[in-house]
Each structure stands twice: as structure tokens, then as C-alpha cells.
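Student: Okay, predicted coordinates and the sequence, questions at the end:
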Amino acid sequence: MRRALIVLAVLLGQLLTGQVLLAAPASHAATGTTATTGAGAPAADRTTATTGTGAPVADRTPITAGAAVAGSRAAAAEGRVEAAEGRVALIGVPALHWNDLTQADTPHLWSLVSSSAIGSLSVRTVGNVTCPYDAWLTVSAGTRSAVGYGCGAPPAPEQRGAGAAIPDYRYLIDVAGQREAGNLGEALKAAGQCSVAIGPGAALALADRQGAVPRYHASPAGLGAGDLEQCRMVALDVDDLVRPYLTGDRLPKTPEQLAPAQRRAALRLADAKAGALLSILPAGTTVLLAGLSDHGSVPHLRVAALREPGAEGRLLGAASTRREDISILPDLTATVLTKLGVPVPPTVVGVPMRAGERGATIDRLARADASAQTMRSAKGQYFTALAVLQVLFYVLAFVLLRRRRRLPWVRVAAVALAALPVTSFLVNLLPWATHLQLFGGMLAWWAVIVTLALAGPWRRRPLGPLAVVAGVTACTLAADLLTGTTLQLNSFMGYSAEQGARYFGLGNIPFALFATGTLLTTTAIAHRWPGRIGLAAIVVLGAAAMVLGGSGLGSDFGGVIAFVPGIAVTALVLSGKRVSLVKLALFCVAGGVIVMTFAWLNYLKPPSEQTHLGRFVGQVLTGEALDVIWRKLQAMLGTLLSPNLMPIVIVAVAFLVYAILRPEQASAGVVPAAFEHSPALRAGLIGTLVAGVVGMLVNDSGAAVLSMALALAVPLLLATGIGVLVAREESVPGVGEQLAGVAK
């Protein structure tokens, strides 16, 4: 036991300092950074990780943090980057999708991506969809930015000599609160780098804080040899594809308003404009291609390509997402500056894009977006169905339990309902692309878990099914955190890259399931081994799970604040001690102190290695933290009106309260029976409710946290109570046995 505690202490210390024994693969996931969102995005959970200098490498390993990487990026932050040779051209084609690229319709873009490293670009800024204005503004700032109202195309610049000026540019900084606007232009100007903007969006991206652009042309036709000789940075806004979508200078509220033939015609125009620039770029120019924005009411993953020596055929990603095939808009800013040898401002949250492993294909990236859209299109119906099933279950359970009828069937239904959430993660262990494959895979996993819970030798023990379902849920999410969170990406209960809320780590709903599964599993252990062993299991395993969620593996801020009081209350109740409001408040404060310790340790790392935890410390120091907290509070309050989440909370809490206050009338006494059978379960349920309520209050997902905690815990509680009642009925002697006993 002592050796195990020593080993666990070492592991926890390594997690706290970011030295994990199992390195996360690059196909792992940014939010908030809300997976991952920038400092300017509301309710985001995005984090950033380490990156290299962005130089081409023949055989890159998965994107991980290394000493050389950290030293290189730290030097960049301090302005000691050695100047790179060559030029950089950024070609932004708002609305460009991987399905758009064909050799017949887009020969120039096809040739470009065929000789480049390619990946998916998540274009999320602040809203659900991103317009060209917000996209180019984000490239300018290096952090997620928005003009502050419904938008479409960026403003047309006013020509001033060889350059231009963005009209009313200071509005963005002084009124709209986009204080980082102009980061890219200012960094280039400070380094003495000449830049050329072609088109309105490019001018917005390269403008300094006064809105001035050194050199500007309305189209590539105006670009002269002198521009390319004197300026190492060229940006081109190819708006031909997105312009037909704009209605009244706004994005449409429909998913797709152009017919296929119309879109192909717009693509040809866009390809011709991009080809005009590509044809005159000097040899050796590093070219970045980005499908910068959305084109309708549905977000998509867009095109990202990087052409440089050694990049061809490789995946393109960034440490900001911890995924080898996904990058974000602020990464474009960091990539441009790094390639030019210009120091990256510390307020830029992106990191340089990097070419990863070989095997990148257009079809692969198109399928990635198709999978995200498959999940997205059914997500609302999934949560609606889950809410309906929860409500129906409690109604039927109320009716049947009052009459003491069909108790075994109610138990089966309770276990089956509790087993549903974890299947949304496990399905990602199977290949799927269509709705049939998705739901078929979830159904298969659901059948396996329910069968395992109800058919094993533990089925006759009241706590047996609870231990199986809760244990599978907790172990699945723990393993996912240790192996790169590949299961939470593109899952109903997790997150998806095109939504841009998070790209890796522990999401808010997965936290609720992870915390609940952990607390219920440890209380089952405490029931089997009462006393010090059981209490140690709750504290040690709970603390280990909390560290997994709050360290660099999970990067979950609010989860730690909620998990600490949940663990502490469970341990106190189990040990027979009183829990007061003062103690509860102190536990919440302790959770805040612990998570701020994680955040401070993260803040001490170089800017490119910081997650949203570390950046929050910086926001506290600069006075921006209140804005972040206010946005999260608004998001949390908004969830209280959710038609899918609140019914689960209301019926579960109502049933639980009524079952405790009127046990015989409401539920045949199943809840008191469960608590009488296992005092540890009572402690675990109280701790779960505490973690769920606190988690609801401190996370922007709000009601989603509490609803998912209840969706897992309450059905398993009822299944346990029914198991106790059934066992009692089976143990009562029959009339013949009683008479035989009397005769004896």
C-alpha cells in the first residue's frame, strides 16, 4: 500500500509539472479557450500548447512539447528570432471547402494543395459562424475577434498614395473592444518589414493600429515587380467565392443558398485570382492558403495548406489544437510572423502551423468535416431523445414502483438509461461516417455495457450494475485523457472542431460524467472495503481524477473547482462528520486555489505552451478577467432555459426529493433501501449532487453539467434500491417453509 501511494504521488507530481509518462499523440486536441477558443471568444475552452519554429522538417514526429521547441518559441517571444530567408504569401479564400477543390474547376488551387502540407482549419471566432470581416480581423489580432454585430465583408480601404487606410478603424479598438486588432501589422512595422495587401480583407489583416496599410492594390493585376522585391509579406483576399452569398453585406441564414453550378462558377473566378498571384510569386515563397470563413448558417472545417520545402503530402496542424490535422485562425498570424523571423507578440494566442506525418489527402480532410456534420446534424435530436427518455423513465418508474410491480424491469431500464451517455465516446473506437454507422455503433456498445452490468456474477448484488456502468464511464474518460482525448472529439457528449469550443482536454459534459462515474465507483469500493481503505479510495482516486481533469491533460478550469468539494463532502459524509455551509464554501475556495495553482504553473511556461488556464492568469493581471467571467456567466444563465437540459434536471430532482420525503408513496422505498444497504452510496450521491451544482454554477455549460450528472447517478441509485428490495423478497421464507419451521 505504501509503495502504491509513493508511485501515485510521483505520477501526480509529474502531471502537475506537465511531465506525463504517456505523451499525448498529435491527433489529440483547444476551447475556451471554450478545446479550445481564443481570448476574445465567449464561453470558449481553448488551450494552446508548445510549437516549434515552423521550419520544414523531413520527418516530423507528432506535435509534442520538447525542450528545443520551448526554447525556440521563448526566444521568439523575446524578439531573438533569427531572420528567415524568403517571402510569405497568405492567400485567404473565405468559404473555401475541401469539396470545392477539383483539378477541372480549380487547377491553380489544386496544384497548390498538391504540393503542400494540408489540414483542416477551424474558423470559429466569436459567433457560431464566422463572416469574412471577423476572420480577417482575427488574423490581424492573432486572437479570436469580432466586429461586434452581424457582419459580412470587410470594409473597402481608402487608397492613400501607395498604401491605404481602413475607414473608421479605431472603432474596432475604442468601441468594439478589439484591443488586439492590428497586432500583425504593428509587429511587421516594428521589425521594419514591408508588406503588400491585395483586397479589403488582406488590408484589414495587415493594417497597423491606426488602420494604415503600407502598400495596397485592389487586385493582383496592380502588383508590380517592385512590390515583390521590396516586400517579403504579401496577403491576398480572394472574395469571389463568398461574395455571391452575402445579402445586404451579411452572411445568409441558410446553410447553402447557391446552386452547385453557381458555386462552381464562383470557384473558377476565385481560382483565377489566386492563380494570378501564384504565377508571379518568386521561387521559394512560402505560401499559406486558408478558407478563412463560413458561407452560411452552418459552420464547417475549411481548407488550410502550407507550401514550403518538405511539406508536400503531410498533414498540417498546430500545437494550439494538439491535433496534427487541425489548426485555428490565430495560427495563421503566428505562422506568418515566424516564417518572416518577426517576434510574435505575446497577446497572439496562435502558434506556427507545422507539417506532421505523411498520408494527407483531400478525401481524408473532406471526410473529417463530413463526420463533424453528421454528428452536428443529429446532436439536437439526440439530446431531445435523451430528455424524453429520462422523463418517460421517471414517470413509468413512479407508477410501477408505487404498485411494486415489474421491479426487475424497472431495474433493467434504469441501468440501460445510465449506460447511454458513455456510448457517445466509445463509438469513436469504431469507424463511422453515416448516421446509420454512428447510431449502430452506439447501440452495439450500449448492448455490451448493459449485458455486462446485468449478466455478470455481480448482477445479484445491489451495487453490481452501478459499479459496472459507473466504472466503465470513469475508466473510458480517464483513458481518453491519458491517450489524447480522441474519443471526445466528434461525440454527442463531447465537442467538435468545426464548432471551435474545444479541441482537446476534458469538456464540461464529459467532466460531469467523469466526476459522477468516479465518485460512484469509489463509493462502491468503499462499500466493499469499509473503513480506512474505502475512505482512502475515495480521496486518492478522486484526487487522481481531479488532477487528470485540471492538469495539462484535461485543462478543465471549472471542473476542478467543482470536483474538490464533491470529493471532500463524500469523504466527510462517509466518515460520519457534519457538512456545514462554511465547510462547503471552504471546499469551493480550496478548489479555486488548486485550479489557480494549475493556472499559475501553466502561466510560467512560454506563451505558446500556455493553455486557457495560463492565459486566464494573464487576463487577471491585465484586468481582462472580468470580461471573461461575465461572458461565462451569461452563457451559464442561458442554459437554464434549455428545453433539452432542464427537463432532465427538473424530473430527476423532483423524483429524488419525493422519493426521500415520501418513500413508500413515491418509490416503494427504493431510495431509503439503497441508503440503508450502502451508507457509502448515500455519501457518494451527496458528493455527486454537490459537484453537479457547483459545476453548473462555475461552468459556461451550466445546466448541462448538472443534468448529465443526474442522468447517470439517479437511475443507478434506483437500480441499486430495487436490487435491495428484490433481494429481500427472495430471502423471505414461503408459507411452507414457515410451517416447517414451526413444526420443528
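Tutor: All right, it came through fine.

Student: the helices in the stretch 51-200 of the chain, which residues?
Tutor: 67-77, 107-114, 132-141, 170-174, 183-190, 200-206 (DSSP state H, counting those that start in this stretch).

Student: Let me have those in TSV, adding mean neighbour count and distance to Thr335 as columns.
Tutor: (C-beta placed from N, C-alpha, C; glycine too.) Listed next are these as TSV, based on neighbours: other Cβ atoms under 10 Å; distance: least, Cβ to Cβ, whole Å:
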stretch	mean neighbour count	distance to Thr335
helix 67-77	18	12
helix 107-114	18	16
helix 132-141	30	10
helix 170-174	17	23
helix 183-190	22	11
helix 200-206	29	13
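
Student: Where among those helices is average confidence lowest?
Tutor: Note on the helices of the stretch 51-200 of the chain: lowest mean pLDDT is at helix 67-77, with a mean of 34.

Student: show me what contacts Val88?
Tutor: With contact taken as Cβ atoms under 8 Å, 6 or more residues apart in numbering, Val88 is in contact with 232-234, 285-288, 336, 339-340.

Student: check contacts around Leu292.
Tutor: Leu292 sits in contact with 92-94, 96, 121, 123, 130, 132, 135-136, 139, 201, 302, 329, where contact means Cβ under 8 Å, 6+ apart.

Student: which SS state does it fall under?
Tutor: Here Leu292 is recorded as coil under DSSP: H, G, I helix; E, B strand; the rest coil.

Student: The closest residue to it other than its chain neighbours and Arg323: what is the separation?
Tutor: Spatial nearest neighbour of Leu292, excluding adjacent residues (Cβ to Cβ, 6 or more residues apart in numbering): Ala135 at 4.0 Å. With distances taken as Cβ to Cβ, to the nearest Å, Ala135 is found 20 Å from Arg323.

Student: And Asp369, by the same measure?
Tutor: Distance from Asp369 to Arg323, counting by Cβ to Cβ: 14 Å.

Student: show me where the stretch 601-744 of the chain has helices.
Tutor: 612-622, 625-639, 646-661, 663-667, 670-677, 679-698, 703-731, 735-743.

Student: got those as a markdown table, with distance to Arg460 columns?
Tutor: Listed next are the helices of the stretch 601-744 of the chain as a markdown table, based on distance: least, Cβ to Cβ, whole Å:
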| stretch | distance to Arg460 |
| --- | --- |
| helix 612-622 | 46 |
| helix 625-639 | 40 |
| helix 646-661 | 23 |
| helix 663-667 | 21 |
| helix 670-677 | 13 |
| helix 679-698 | 17 |
| helix 703-731 | 7 |
| helix 735-743 | 20 |
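
Student: closest to Ile594 out of those helices?
Tutor: When the helices of the stretch 601-744 of the chain are ranked by distance to Ile594, counting by Cβ to Cβ, first place goes to helix 612-622 at 11.4 Å.

Student: Break down the stretch 251-400 of the chain into its helices, ranges please.
Tutor: Along the stretch 251-400 of the chain, counting by DSSP H, counting those that start in this stretch, helices occupy 260-278, 329-340, 362-402.

Student: Out of those, which is the most enclosed?
Tutor: helix 329-340 (a mean of 29; mean count of other Cβ atoms under 10 Å).

Student: Check which helices and strands that one sits against.
Tutor: Packed against helix 329-340 by the contact rule (3 or more Cβ pairs under 8 Å, 6 or more residues apart in numbering; DSSP states H and E) you find strand 88-92, helix 132-141, helix 183-190, strand 286-290.

Student: how about the helices of the stretch 251-400 of the chain in a markdown table, adding mean pLDDT and distance to Gly248?
Tutor: Shown next, in a markdown table, are those (pLDDT from 0 to 100; distance: least, Cβ to Cβ, whole Å):
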| stretch | mean pLDDT | distance to Gly248 |
| --- | --- | --- |
| helix 260-278 | 96 | 18 |
| helix 329-340 | 96 | 25 |
| helix 362-402 | 90 | 27 |
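
Student: Go through the helices and strands packed on helix 329-340 and name the closest to Tyr658.
Tutor: Of all these, helix 132-141 sits nearest to Tyr658, with 48.8 Å by Cβ to Cβ.

Student: now the closest one and helix 183-190, what's the angle there?
Tutor: 40 degrees (axes from the mean of the first three to the mean of the last three Cα atoms, to 10 degrees).

Student: could the helices of the stretch 251-400 of the chain go into CSV alongside distance to Leu586?
Tutor: Output for the helices of the stretch 251-400 of the chain, formatted as CSV (distance: least, Cβ to Cβ, whole Å):
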stretch, distance to Leu586
helix 260-278, 60
helix 329-340, 39
helix 362-402, 34
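
Student: which stretch among these comes nearest Ile533?
Tutor: helix 362-402 (33.8 Å).

Student: The helix or strand that that closest one is followed by packs against which elements?
Tutor: For helix 362-402, the following helix or strand on the C-terminal side (DSSP states H and E) is helix 407-418. The elements that helix 407-418 packs onto, with contact taken as 3+ Cβ pairs under 8 Å, 6+ apart, are helix 362-402, helix 435-455, helix 464-482, helix 703-731.

Student: can you do 10 Å?
Tutor: Contact partners of helix 407-418 among helices and strands, from 3 or more Cβ pairs under 10 Å, 6 or more residues apart in numbering; DSSP states H and E: helix 362-402, helix 435-455, helix 464-482, helix 508-528, helix 670-677, helix 703-731.

Student: Give me the nearest residue to Ala478, chain neighbours excluded.
Tutor: Spatial nearest neighbour of Ala478, chain neighbours left out: Leu548 (6.1 Å); criterion: Cβ to Cβ, 6+ apart.

Student: Can you say which helix or strand has that neighbour in it?
Tutor: helix 532-550.

Student: and that helix, C-alpha only, in PDB?
Tutor: Included here for helix 532-550 are C-alpha records, laid out as PDB according to Å, rounded to 0.1, in the frame of the first residue of the first chain:
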ATOM      1  CA  ARG A 532      -9.900   3.400   6.100                       C
ATOM      2  CA  ILE A 533      -9.400   1.500   2.800                       C
ATOM      3  CA  GLY A 534     -12.700   2.800   1.400                       C
ATOM      4  CA  LEU A 535     -12.100   6.300   2.600                       C
ATOM      5  CA  ALA A 536      -8.600   6.300   1.100                       C
ATOM      6  CA  ALA A 537     -10.100   5.000  -2.200                       C
ATOM      7  CA  ILE A 538     -12.400   8.000  -2.400                       C
ATOM      8  CA  VAL A 539      -9.700  10.500  -1.600                       C
ATOM      9  CA  VAL A 540      -6.900   9.100  -3.600                       C
ATOM     10  CA  LEU A 541      -8.800   8.000  -6.700                       C
ATOM     11  CA  GLY A 542     -10.900  11.200  -6.600                       C
ATOM     12  CA  ALA A 543      -7.800  13.300  -6.300                       C
ATOM     13  CA  ALA A 544      -6.100  11.500  -9.200                       C
ATOM     14  CA  ALA A 545      -9.200  12.000 -11.400                       C
ATOM     15  CA  MET A 546      -9.300  15.700 -10.400                       C
ATOM     16  CA  VAL A 547      -5.600  16.100 -11.400                       C
ATOM     17  CA  LEU A 548      -6.200  14.400 -14.700                       C
ATOM     18  CA  GLY A 549      -9.000  16.900 -15.400                       C
ATOM     19  CA  GLY A 550      -7.300  20.000 -14.200                       C
END
